[in-house]
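[1] Fold the following and give me the result.
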Amino acid sequence: MRRTKIVATLGPATDDPAVIDELIAAGVDVVRLNYSHGTHEEQANRAAMVRASAAKQGRIVGVLADMQGPKIRTERFKDKKVFLNKGDTFILDADMDPAEGTQEAVGITYKSLVTDVKPGNTLLLDDGRMILDVVKVEGSKIYCSVAQSGILSDKKGINLLGGGLSAPALTEKDIEDIKAAAVIQADYVAISFPKCADDINRARQLLRDAGGYGGIVAKIERAEALGVIDEMIEASDAIMVARGDLGVEVGDAELPAIQKDLIHRAREKDRVVITATQMMESMIENSIPTRAEVFDVANAVHDGTDAVMLSGETAAGAHPVKVVKAMSRICESAEQHPRAKVSDHRVHLTFGRVDEAIAMATMYTANHLNVDCIAALTESGSTVLWMSRISSGIPIYALSPRERTRRKVTLYRGVYPTCIDFGKIGPYNMSSKVANLLEENGIVKDGNRIIITRGDMLGDEGGGTNAMKVITIGKVKVSDK
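    Numbers count the residues shown, from 1 in each chain. The predicted model follows:
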């Protein structure tokens, strides 16, 4: 079974219900709704279509609502695009008509750029394909020297090398989009361009005020975020290594080490981590990935990422189902490597909570006792999150009566959500009842050894796991009194 989760972005290429059916059958665990595009109604319809298809197939699929964040872009050109030669003078003009760009100048969406930059700064446009050196700033105009020749077309992103733009992470559009995400009960909400923990905390409060319960994902794509990364990780439920804008701001050469460090830090702090951007980019058009893309996905798996994400590959690509199948194969193969099954996570630390200690003891036992699977009875999903921080080849089944918990754990590496009604189990003979449920679902068979974890206060979300038990299927006779 594949342990690494796949996040697939929905878009025009997936709006056919038959394609959604195929994507879920191919193994998509979480869908991403990109609020940079489309209306609230369109995103709500996509979420409903996914949940209906998943229910039909007996699957549980999470929904991640991704906020647009501040739009720091050029405006449009009269002729759609221009060619700029190295050494040319080119002006970014905050007061220019949005549709009147020329060979000499173009408007910008972010008007405060003129106060954020100064002579000597370097601006990177279109993911670094175009480089401009700031020469001077006068009034609404930023005079630049073209440092790299190339074509510049409409609505291209602008980054400041090294970071430092003052644009707020949450725009008025984001605030309305968060409310819309609450309406569809999104399981996760991703915040674009956060600079500090306060951005994450504010987003969480906005979501809760709107009636949403989803976790908050911090997209790490600003250079300055790296200076406060521990605080940002701790404020979040998950982080996304958003390699596009981050790579532009810090430089491509620095990005691999940063990605590895972010994955390590997130897991150390018991947070989920998604690796994103251009993972299978060539498959937007091609039917197979490049070898470099295969290595990229496999290395992220070896480093311990919880999930790998597809963007344009599924949202607008020619082969959305093929790319999911290809990514799934790569992940499964990478997970067979010994380094993907070894962990010393928190081995030398003491634990402040009983349920966390039980989770760690369970994984230590499972990894040293030839256990076939773990069945964790959980209300909130905390126990299986801690378990999933330990690298292992042993599947962890999150048995929960709460739909929101089952959808939340779809992003956890190695965790598989399973529905259970604690009211029908009762306090006695629990082990045999859990074993029967697993057998009925085709998860285990006679002779399998499993570990069951549970709390004394079943049905209480704050009850906490305080017990683990090792049983062999077909030999469960003892009452759990």
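[2] Now that residue 65 has come up, it's in contact with residue 183, right?
    No - with contact defined as C-beta atoms under 8 Å, residue 65 does not reach residue 183; the gap is 10.2 Å. The way it works is simple: take the backbone N, C-alpha and C, and place the C-beta from them, glycine included.
[3] wouldn't residue 77 be in contact with residue 151 here?
    No - the pair residue 77 and residue 151 does not pass the contact test of C-beta under 8 Å, sitting 10.5 Å apart.
[4] Name the residue in the two with the higher neighbour count.
    Shown here are residue 77 and residue 151; by other C-beta atoms under 10 Å, residue 77 has more neighbours (20 against 12).
[5] Residue ranges of each domain in this structure, please.
    The chain breaks down into these domains under automatic domain parsing: 5-69+169-335, 81-160, 354-472.
[6] just to revisit the earlier point, quick one: which of residue 65 and residue 183 has more around it?
    residue 65 (27 against 14).
[7] Let me see the mean pLDDT of the one helix or strand the more buried one maps to.
    Per DSSP states H and E, residue 65 falls inside strand 62-66. Average pLDDT, strand 62-66: 98.
[8] Quick one: distance of it to the chain centre.
    9 Å (C-alpha atoms, centre = their mean, to the nearest Å).
[9] Over to stretch 280-295?
    For stretch 280-295, the distance to the chain centre is 20 Å (C-alpha atoms, centre = their mean).
[10] Can you name the residues in contact with that stretch?
    Residues outside stretch 280-295 that contact it (C-beta atoms under 8 Å, 6 or more residues apart in numbering) are 279, 297, 310, 312-313, 316-319, 322-323, 326-327, 330.
[11] what's the answer for stretch 69-85, then?
    90, 92, 96, 98-103, 106-110, 113, 125, 130, 146, 149-159, 165, 167-171, 174, 191-193, 219.
[12] Specify the beta-bridge partners of the residue positioned nearest the centre of the chain.
    Among the residues of the chain, the one closest to the centroid is residue 274, at 3.8 Å (C-alpha atoms, centre = their mean). Taking DSSP bridges as the rule, residue 274 bridges to residue 240, residue 307.
[13] circling back: quick one, which of the contacts of stretch 280-295 are buried?
    Buried residues within the contacts of stretch 280-295, defined by neighbour count using 16 or more other C-beta atoms under 10 Å: 279, 297, 310, 312, 313, 317, 319, 322, 323, 326, 327, 330.
[14] Listing partners with orientation, what would you give for the strand holding residue 65?
    strand 30-34 (parallel), strand 188-191 (parallel).
[15] Return the alpha-carbon coordinates of that strand using CSV.
    Extracted C-alpha coordinates of strand 62-66, given in CSV (Å, rounded to 0.1, in the frame of the first residue of the first chain):
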residue,chain,number,x,y,z
GLY,A,62,-9.8,15.2,1.8
VAL,A,63,-10.4,18.7,0.4
LEU,A,64,-7.7,21.5,0.5
ALA,A,65,-8.8,25.0,-0.3
ASP,A,66,-5.8,27.1,-1.5
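[16] which residues are in contact with it?
    Counting by C-beta under 8 Å, 6+ apart, 7, 9, 29-36, 43, 47, 50-51, 177-178, 180-181, 184-190, 192, 214, 217, 219, 407-408, 410-411 sit against strand 62-66.
[17] Restricted to helices, list those.
    Among the contacts of strand 62-66, DSSP state H puts 43, 47, 50, 51, 177, 178, 180, 181, 407, 408 in helices.
[18] Highest neighbour count among the residues you listed?
    Result: residue 181 is most packed of the ones in helices among the contacts of strand 62-66 (other C-beta under 10 Å), 31 neighbours.
[19] What ranges does the stretch 151-300 of the chain have for its strands?
    158-160, 188-191, 215-220, 238-242, 272-276 (DSSP state E, counting those that start in this stretch).
[20] so which of those strands comes closest to residue 452?
    strand 272-276 (24.0 Å; C-beta to C-beta).
[21] pLDDT of that closest one, averaged?
    98.
[22] So which elements touch it?
    For strand 272-276, the packing partners by 3 or more C-beta pairs under 8 Å, 6 or more residues apart in numbering; DSSP states H and E come out as strand 238-242, helix 255-268, strand 307-310.
[23] just to revisit the earlier point, check contacts around the residue nearest to the centre of the chain.
    Taking C-beta under 8 Å, 6+ apart as the test, what residue 274 contacts is 7, 217, 238, 239, 240, 241, 305, 306, 307, 308, 309, 411.
[24] List the contacts of the second one.
    Okay, so that is residue 217. When contacts are counted by C-beta under 8 Å, 6+ apart, residue 217 touches 64, 188, 189, 190, 191, 236, 237, 238, 239, 240, 274.
[25] Just the pLDDT at it, thanks.
    98.
[26] Look at the closest residue to residue 135 other than its chain neighbours and tell me its secondary structure.
    Using C-beta to C-beta, 6 or more residues apart in numbering and skipping residues adjacent in sequence, the residue nearest residue 135 is residue 143, 4.7 Å away. Here residue 143 is recorded as strand under DSSP: H, G, I helix; E, B strand; the rest coil.
[27] Neighbours of residue 143, how many?
    Count around residue 143 with other C-beta under 10 Å applied: 18.
[28] Ok, residue 107 next?
    There are 22 residues near residue 107, going by other C-beta under 10 Å.
[29] Repeat that for residue 456.
    Residue 456: 11 neighbours (other C-beta under 10 Å).
[30] before we move on, back to that, hmm, which two among the contacts of stretch 280-295 are most spread apart?
    Of all pairs in the contacts of stretch 280-295, the most separated under C-beta to C-beta is 316 and 330 at 21.3 Å.
[31] contacting residues around residue 387?
    359, 362, 363, 374, 376, 396, 414, 415.
[32] Which of the three states applies to it?
    helix.
[33] what's the answer for the one 3 residues further on, then?
    Reduced to three states with three-state DSSP, the structure at residue 390 is coil.
[34] burial count for the spatially closest residue to it that is not a sequence neighbour?
    Distance criterion C-beta to C-beta, 6+ apart; nearest residue to residue 390, sequence neighbours excluded, is residue 363 at 3.9 Å. A count of neighbours around residue 363, defined by other C-beta under 10 Å, yields 24.
[35] can you check residue 184 too?
    Neighbour tally, residue 184, other C-beta under 10 Å: 20.
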